[in-house]
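S.K.: Mind folding the following:
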Amino acid sequence: MNGQMDEQDRQFFKDNNVNFEGREYFTKPIYDYRDDPRLNPEIREKLAKLNYVTPTPIQAISIPMVLDDKDFIGEF
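M.R.: As a prediction, the model looks like this:
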């Protein structure tokens, strides 16, 4: 799920005041833990049991980057 940002991504970044540098390293954020195929099914199941559905903005951005073995710096 790498590639270009779509409108949903741009709106997410705007709504959450995210500044993303290095567009060539863009990885689509996780918007919902329940149906993102990049997450291991066991992890999705455990998150569902804990009623975790929506990741925080830093989780939404960082988890896919880690899964793609990319470096990043997050700051609040």
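
S.K.: CA only for contacts and neighbour counts going forward, please
M.R.: Fine.

S.K.: Which stretches in this protein count as helices?
M.R.: 7-15, 41-49, 57-67 (DSSP state H).

S.K.: Would you mind finding the most buried of these?
M.R.: helix 57-67 (a mean of 17; mean count of other CA atoms under 10 Å).

S.K.: now it against helix 7-15, angle please.
M.R.: Inter-element angle recorded for helix 57-67 and helix 7-15: 130 degrees (by axes from the mean of the first three to the mean of the last three CA atoms, to 10 degrees).

S.K.: So which elements touch helix 57-67?
M.R.: Here helix 57-67 touches no other helix or strand, going by 3 or more CA pairs under 8 Å, 6 or more residues apart in numbering; DSSP states H and E.

S.K.: switch to 10 Å and redo it
M.R.: Judged by 3 or more CA pairs under 10 Å, 6 or more residues apart in numbering; DSSP states H and E, helix 57-67 is in contact with helix 7-15.

S.K.: List the contacts of the helix it packs on.
M.R.: 5, 16-20, 27-31, 57, 60-61 (CA atoms under 10 Å, 6 or more residues apart in numbering).

S.K.: Show me which of those residues are buried.
M.R.: The neighbour-count criterion (16 or more other CA atoms under 10 Å) marks 18, 27-31, 57, 60-61 among the contacts of helix 7-15 as buried.

S.K.: any idea how far Thr56 is from Phe12?
M.R.: According to CA to CA, to the nearest Å, Phe12 and Thr56 sit 11 Å apart.

S.K.: so where's the protein uncertain?
M.R.: For the chain, the stretches with pLDDT under 70 are 1-3, 76.

S.K.: Return the residues in contact with the residue of it positioned farthest from its centre.
M.R.: The outermost residue of the chain relative to its centre, with distances by CA atoms, centre = their mean, is Lys49 at 20.1 Å. Contact analysis of Lys49 by CA under 10 Å, 6+ apart lists Ile43.
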